[in-house]
Structure formats: C-alpha cells, structure tokens
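J.: okay, sequence plus prediction incoming.
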Amino acid sequence: MKLTQPRVKNPELMLRIPGPDRKRNLAAYTYRVTYRAPDPRAVGCVTTWEVGGGRLPYQVALERTEAGVLQWHCSCADAVYRGERLQHYHCKHVAGLMDCLPPLD
Ligand SMILES: [Zn+2]
C-alpha cells in the first residue's frame, strides 16, 4: 500500500456526537482527512481520518477488503473491545461519520 497524500478538497469536517463526559453530552469533534486513495475502488485503505475533540486523538479508517466489502476501523477503545465481539458494531466516531457521508459502495 502506497501512503502518499493526495490533495483533498474538504479535508476537515466538524461533527457533534456524544462526547467523552459521563453524561455523553454532544461535543464538537473534528474529522480531518489524512489519506485518500487515488482509486477508491481499489482494495486496501480508501480513506483515513484523524478525529480530534475526544479524550485522545483517534484514527478512523475505511478499508476495502479483497471481497470488495467496505470495512470501518477506529482506534478508540470502544471500537477495539466491542468491535471484536460484535459483528458490524460501529463506535460513535464511525457512526457519526457514516451519517454524514453519501452512501458508499
Ligand atoms: Zn471510535
């Protein structure tokens, strides 16, 4: 996989999703595109984002598998622990982003 960083038109997005506090009040998170594949239909990493605004910065990645299926990944603890046990589980960082992207195929 080549990790060049082509220029992107809208590299940053601001979303309000449940925040890191115990009450899960909505908080502003920024999503910055850090990588976008030159060919989004190719197998491998399609796009990566750096998510700021939570306790820690997180990495969200969208990957196209060999079978052509799109798979989301997030580096947060929720995605790592629950994603391991529950198929098709999406953490709040991924779910928030999925809500504002056009349908992907
Ligand atoms: Zn996450």
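T.: Structure's in. What do you need? From a predicted model like this one, the values you see are computed outputs, not experimental measurements.

J.: check contacts around the residue positioned nearest the centre of the chain.
T.: Per Cα atoms, centre = their mean, the C-alpha nearest to the average position across the chain is that of Val60, at 3.1 Å. Going by Cβ atoms under 8 Å, 6 or more residues apart in numbering, Val60 touches Tyr31, Thr48, Trp49, Glu50, Val51, Trp72, His73, Cys74, Ser75, His93, Val94, Leu97. In this view, the C-beta of every residue, glycine as well, is placed from N, C-alpha and C.

J.: and for Trp72?
T.: By Cβ under 8 Å, 6+ apart, the neighbours of Trp72 are Val60, Ala61, Leu62, Glu63, His90, Val94, Met98.

J.: so which strand or helix has the nearest residue to the fifth one once chain neighbours are set aside?
T.: Think His90. Spatially, and ignoring its direct neighbours in sequence, His90 is nearest to Trp72 (6.1 Å; Cβ to Cβ, 6 or more residues apart in numbering). Using DSSP states H and E, Trp72 sits within strand 70-74.

J.: which strands and helices lie in contact with whichever helix or strand comes after that strand?
T.: Moving toward the C-terminus from strand 70-74, the first helix or strand encountered (DSSP H and E) is helix 77-85. Packed against helix 77-85 by the contact rule (3 or more Cβ pairs under 8 Å, 6 or more residues apart in numbering; DSSP states H and E) you find strand 70-74, helix 92-100.
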